[in-house]
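Participant: would you be able to build a 3D model of this:
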Amino acid sequence: LMTDGKDTKLYENFSAVAQRLEVYTALDYADIIEHLVDHWKIGELTGLSSEAEKEQEYICRLPQRYRKLAERSMNKAKKDGVDYVPQEFGWIFNRKA
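Facilitator: A predicted model of the protein is given here:
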């Protein structure tokens, strides 16, 4: 986990800033998952138990689910005009982002 010894919500705060600045968003997570599923050829695995087949289907659908959730979240934030509180991060000399 992410820690700086000060902020107990460091990852949550960093994630919110990264999403807001569109540096690293949930859409990126979807792209990463899709790449790994394709690279590891998870959808092509055969001879799986019924439980493993269910998990295979779940994993193969994750990128699409993440994209839908990300788009819904981004649209809601734009619609609601969400205000943000700038966060300080120690690794950028406590500058606010």
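Participant: for the residue most central in space within the chain, list the residues it contacts.
Facilitator: Using C-alpha atoms, centre = their mean, the residue of the chain that lies closest to the mean C-alpha position is A26, 3.6 Å off. By C-beta atoms under 8 Å, 6 or more residues apart in numbering, the contact set of A26 is Q19, Y66, R67, L69, A70, S73. Every residue, glycine included, has its C-beta placed from N, CA and C.
Participant: could those residues be laid out in JSON lines, adding pLDDT, secondary structure and distance to P86?
Facilitator: Putting these into JSON lines (pLDDT from 0 to 100; DSSP: H, G, I helix; E, B strand; the rest coil; distance: C-beta to C-beta, whole Å) gives the following:
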{"residue": "Q19", "pLDDT": "79", "secondary structure": "helix", "distance to P86": "14"}
{"residue": "Y66", "pLDDT": "92", "secondary structure": "helix", "distance to P86": "27"}
{"residue": "R67", "pLDDT": "93", "secondary structure": "helix", "distance to P86": "28"}
{"residue": "L69", "pLDDT": "89", "secondary structure": "helix", "distance to P86": "25"}
{"residue": "A70", "pLDDT": "85", "secondary structure": "helix", "distance to P86": "23"}
{"residue": "S73", "pLDDT": "80", "secondary structure": "helix", "distance to P86": "20"}
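Participant: widest-spaced pair of those?
Facilitator: Spatial extent of these (C-beta to C-beta) is set by the pair Q19 and R67 at 14.2 Å.
Participant: all helices for this structure, in order.
Facilitator: Taking DSSP state H as the criterion, the chain contains helices spanning 10-20, 26-39, 50-80.
Participant: skipping adjacent residues, who's closest to M74 in space?
Facilitator: Sequence neighbours aside, T25 is the residue nearest to M74 in space, at 7.6 Å (criterion: C-beta to C-beta, 6 or more residues apart in numbering).
Participant: okay then, goodbye and thanks.
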